[in-house]
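Peer 1: Predicted model and sequence below, questions to follow.
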Amino acid sequence: MRFWSRLVNWLSSLFWNQELELSIIGLQSAGKTTFVNVLATSEFDEDTIPTIGFNRRHIRKGRVQLRLWDLGGHPKFRESWEKYCRDVDCIVFIVDSADHGNLEVASAQLHKLLSWPSLQGIGLLVLGNKNDLDGALNEEELISALNLQSITGRTVACYSVSAKSQNNIDVVLRYLTNLPKKQRT
Ligand SMILES: Nc1nc2c(ncn2[C@@H]2O[C@H](COP(=O)(O)OP(=O)(O)OP(=O)(O)O)[C@@H](O)[C@H]2O)c(=O)[nH]1
Ligand SMILES: [Mg+2]
């Protein structure tokens, strides 16, 4: 029975709308809410306020409905990240790639989160945001600074983006809307 219902779900996903559940995490001020707003409206809105807890957002892109958890990055909200990442299809980690002083903390928080057994195998997309700013790390430098090469047992992708100038946002959107559901290895 389980097999048949899975087969029917898979076949329908080929022809009808797909839903993808994503969690957007990262330190405070990395630009998570800004990024989600840009995905939704294609416009940069400078007037974001720090996210308290989380925002739930649903964004339709073609056949794909993105169901997002935009989580607060302040230290007091980080303990709850795992709870919102357990059942997602992909974890999106956003980092301010020009904020060199916070890269070590960002890396530590990311690896701490990924060590949860409940998150084993869930795909990871790392976005180095704010590449419009001087001194922003490129993708290669980000991979090294966040020690992404040490991550095993899951699919990892990394892009340098700017929510402000919308640089590479189309590439990220293409990546997300082509993700298979429950991208677990
Ligand atoms: N220069 C530049 N500034 C950006 C970019 N993206 C976001 N910002 C700015 O960064 C600041 C923080 O953005 P938010 O989107 O609120 O950050 P957040 O990660 O949601 O922060 P929390 O909700 O506190 O976790 C705002 O002033 C944004 O305008 C970008 O690509 N470039
Ligand atoms: Mg926010």
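Peer 2: The structure has been received and is ready for your questions. Ligands and ions are numbered 1, 2, ... in the order given.
Peer 1: quick one: the strands in this protein?
Peer 2: 18-25, 54-61, 64-71, 90-96, 123-129, 156-160 (DSSP state E).
Peer 1: Let me see the residues that make contact with the first one.
Peer 2: Read it as strand 18-25. Applying Cβ atoms under 8 Å, 6 or more residues apart in numbering, the contact partners of strand 18-25 are 32, 35-36, 63-71, 73, 81, 84-85, 87-94, 113, 176-177, 179, 181. For every residue, glycine as well, the C-beta is placed using N, CA and C.
Peer 1: Kindly reformat the strands of the chain as a markdown table containing mean neighbour count, mean pLDDT and distance to ligand 2.
Peer 2: As requested, these are exported to a markdown table (neighbours: other Cβ atoms under 10 Å; pLDDT from 0 to 100; distance: least, Cβ to the ion, whole Å):
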| stretch | mean neighbour count | mean pLDDT | distance to ligand 2 |
| --- | --- | --- | --- |
| strand 18-25 | 22 | 94 | 8 |
| strand 54-61 | 14 | 95 | 7 |
| strand 64-71 | 20 | 96 | 6 |
| strand 90-96 | 26 | 98 | 10 |
| strand 123-129 | 24 | 98 | 12 |
| strand 156-160 | 18 | 98 | 19 |
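Peer 1: Out of those strands, flag the one nearest residue 171.
Peer 2: Residue 171 lies closest to strand 156-160 among those, at 6.1 Å (Cβ to Cβ).
Peer 1: Now do the closest one against strand 123-129, angle only.
Peer 2: 10 degrees (axes from the mean of the first three to the mean of the last three Cα atoms, to 10 degrees).
Peer 1: Give the residue spans of this structure that score low on pLDDT.
Peer 2: 1, 9-16, 181-185 (pLDDT under 70).
Peer 1: Residues of it that sit close to ligand 2?
Peer 2: Within the chain, the positions near ligand 2 by Cβ under 5 Å from the ion are 32-33, 51.
Peer 1: Restricting to those residues, which residues neighbour ligand 1?
Peer 2: 32-33, 51 (Cβ under 6 Å from any ligand atom).
Peer 1: What is the nearest of the residues you listed to residue 122?
Peer 2: The closest of these, once distances to residue 122 are taken by Cβ to Cβ, is residue 32, at 17.6 Å.
Peer 1: hang on, the earlier thing: and the residues of the chain next to ligand 2 as TSV, adding distance to residue 128?
Peer 2: Output for the residues of the chain next to ligand 2, formatted as TSV (distance: Cβ to Cβ, whole Å):
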residue	distance to residue 128
32	13
33	17
51	20
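Peer 1: Let's see which of those end up in helices.
Peer 2: Taking DSSP state H, the ones among the residues of the chain next to ligand 2 that sit in helices are 32-33.
Peer 1: Most neighbours out of the residues of the chain next to ligand 2, which is it?
Peer 2: Within the residues of the chain next to ligand 2, most neighbours by other Cβ atoms under 10 Å means residue 32, with 30 neighbours.
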